[in-house]
Every structure is written in C-alpha cells, then in structure tokens.
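[1] next come a sequence and a model predicted from it.
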Amino acid sequence: MNTMDEDAVMATTSSFPHRVPEAQGAASHVAASSSPREFRDVQVKVHIRRPEKDSWVYLGRALVSQEIIGQSSRVVVRSMTSGKVMISFGELSDLQAEKRGNFVVIGCVEGSRVVSWSLNALNNSDTLRLLASIELACYRCRLAVVDPRTHAKTRRRIERMIKDDRRRRHRRRKDQDAMIDAFSKQNLDEEDIESNS
C-alpha cells in the first residue's frame, strides 16, 4: 500500500467517526450525571478574632468538610489533633465570607457582636472551593424564594454589622497608633530637656 492509498483510507475513516449506539450513549450519560460530585476535605490553618479584639489568635490545623443533611448542607471545621468541631456554617448562619489571598475570612454575626474566622488553605484552588462551599451551604434559598425582601434585608443587615465592626476596629487601631506616637514624642522631649540641663 503506497502513501496515496494510506491517505485515502485515513480520509474515509476520519470523515465517518465511530458511532455509539443510541441506547448505550444515553445510559452512559445518565450514569455520569447521576453520580454525585464528592467534596474533597480541605486542610486549613484556623485563626479567630473575637469581638472587641483587634488581633488574630491561632487555633491550629483543621480539616474542612461538607456534610449533606437532607436538602441542605453544612460546612464543618474539625480540629486535626482532637477531632472536635471548632465551628460549623449552615443555612442558619449569619455570615459574610470573602477571599483574601489564600485565606477565606468569615465574619459571623452573633447577636450584636461579630466573630471573625480565618481559614488559610494550601493553594488558590482549595481557597476558591472553600469559599464556594461556604457560600452554597449558607445561602438561604428557601427564604430567597419565599420572601425575597426579607432575604435582602437580612443580607444588608449582616453586611452593615460587619462593616461597622471593621470601622470600629480601624478606629481603635488608629487611636492606639496616635497614643504610641504621642508617648514616643513625649519621651523624646523629656530626654532633650534632661540632656540640655
């Protein structure tokens, strides 16, 4: 067989692709779509910032998993050393999650206070998966469908409380910096007076 015959054979086979029987193709499509996608556990470092505090406290390493309960799901942060649940986020959680580098920072509104959690994932793709799973688990889909106005009000209230907490924290930090600055200037002035006398 010369090269022209090979080209002719290749042309005829490529123009008529191999067809899968209709029933077999449909069965494989149903099998692929019906298999649930598993949420792979994400390893994180956990920090917490408690109400009226400006600094983060390291709590240790944890494993974040998604648990499906009936129609809803929740995200559980479990300590890797003790196996105890540190925190879980679900549809009833009043929170706002945002990505900052490889961190997911979650502001949780508890009454009139805001507790912030920081989950530091190993890489960007884990951070994005973590953020998406928290947002999906905490989205109040029933309330959004039944009463969209209340749903929007609740979201705005959570955002406003977290923003106010951030503003107060920044103001405290600014006041502390001003006090430190004033104190250092006062010490310098006293040293100048002593050196002159």
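    Looks like it came in fine. Numbers count the residues shown, from 1 in each chain.
[2] quick check: phi and psi on residue 102?
    Main-chain dihedrals, residue 102, degrees, to the nearest 10: phi -90, psi 20.
[3] please apply the same query to residue 111.
    Torsion angles, degrees, to the nearest 10, at residue 111: phi 70, psi -120.
[4] same question for the one 10 residues further on.
    When read as degrees, to the nearest 10, the backbone of residue 121 gives phi -80, psi 170.
[5] which non-adjacent residue is nearest it?
    Nearest non-adjacent residue to residue 121, counting by CB to CB, 6 or more residues apart in numbering: residue 127, 4.3 Å away. Bear in mind the C-beta positions are built from the backbone N, C-alpha and C, glycine included.
[6] let me see the mean pLDDT of the helix ranked longest in the chain.
    Scanning the chain for the helix with the most residues, using DSSP state H, yields helix 148-196. Helix 148-196 carries an average pLDDT of 75.
[7] surely the residue nearest to residue 121 and residue 104 touch.
    Yes - contact criterion CB atoms under 8 Å: residue 127 and residue 104 qualify, at 6.0 Å.
[8] give me the common contacts of these two.
    Common neighbours of residue 127 and residue 104 (criterion: CB atoms under 8 Å, 6 or more residues apart in numbering): residue 121.
[9] more neighbours: those two, which one.
    residue 104 (27 against 21; other CB atoms under 10 Å).
[10] please confirm that the more buried one is located within a helix.
    No - looking at residue 104 with DSSP: H, G, I helix; E, B strand; the rest coil, it is strand, so not inside a helix.
[11] how far away is it from residue 124?
    Here residue 104 is placed at a distance of 11 Å from residue 124 (CB to CB, to the nearest Å).
[12] quick check: beta-bridge partners of residue 117?
    Beta-bridge pairing of residue 117 under DSSP bridges involves residue 48, residue 106.
[13] next: residue 69.
    residue 72.
[14] against residue 101, how distant is the nearest residue to residue 80 once chain neighbours are set aside?
    Ranked by CB to CB, 6+ apart and with sequence neighbours excluded, the top spatial neighbour of residue 80 is residue 61, at 4.6 Å. According to CB to CB, residue 61 and residue 101 sit 18 Å apart.
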